[in-house]
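>>> sharing a sequence plus its predicted fold:
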Amino acid sequence: MQIANNTVVTFHYQLTEIGGDYTEDSTSSEPMLYLHGHRGILPGLEDEMLGRSPGDRFSVTLTPEQGYGLRNEEGIQRVPVKHLIGRAKPVVGKIVSVNTSKGEVRATVVKVGRFNIDVDSNHPLAGKNLKFDVEIIDVREATMEEVAHRHAHGPGGHQH
Ligand code: ZN
């Protein structure tokens, strides 16, 4: 079966940051599952999936616009340490939740001071060019329930 709108796709991927050192590899765990045609994965990746079949392997490179977006320098904010949510001690590079003027946001700690910390609410992969190596594992017809919910059910998908 080929990937088309309202098919459920199971796939493995390796993600590499072009010119950087970030990598992700799904092959050490459960494959990903998504409902095609509902933007459940990055649009630039989903567009390359159309028409593929189980066993197909392909690579796709995504610009920041096709991936996690451009970096927004206003995403870097200085907040009082007491605005941190939870008791975890802030460490540079760690993702934390903080109360900001825009409400609660998840952000990466970029600097820790005595009373304030600087956090970056950009996605860690914003502004990056990315390469995905994909292997299609399975393609099946979505159930009516999955189409109604606009996501895939089962292991690797939504569990209700
Ligand atoms: Zn559902």
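Looks like it arrived, so ask away. Residues are numbered from 1 along each chain as shown.
>>> without its sequence neighbours, what residue ends up closest to residue 19?
residue 129 (6.8 Å; C-beta to C-beta, 6 or more residues apart in numbering). To be clear about C-beta, it is placed using only N, CA and C from the backbone, and glycine gets the same treatment.
>>> all strands of the protein, in order?
Defined through DSSP state E, the strands belonging to the chain, from first to last, are 7-17, 23-25, 32-35, 57-62, 76-80, 84-85, 95-100, 103-112, 116-120, 130-141.
>>> would TSV of the ones you listed with distance to residue 1 be doable?
Shown next, in TSV, are the strands of the chain (distance: least, C-beta to C-beta, whole Å):
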stretch	distance to residue 1
strand 7-17	7
strand 23-25	26
strand 32-35	14
strand 57-62	17
strand 76-80	46
strand 84-85	45
strand 95-100	38
strand 103-112	37
strand 116-120	42
strand 130-141	5
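>>> go through these and name the closest to residue 150.
Residue 150 lies closest, by C-beta to C-beta, to one member of the strands of the chain: strand 32-35, at 6.6 Å.
>>> list the pairing partners of that closest one within its sheet, with orientation.
Using DSSP bridges, the strands paired with strand 32-35 are strand 7-17 (antiparallel).
>>> and the contacts of the strand it pairs with?
By C-beta atoms under 8 Å, 6 or more residues apart in numbering, the residues outside strand 7-17 that reach it are 1, 3, 22-27, 31-36, 49, 125, 128-142, 146, 152, 154, 156-157.
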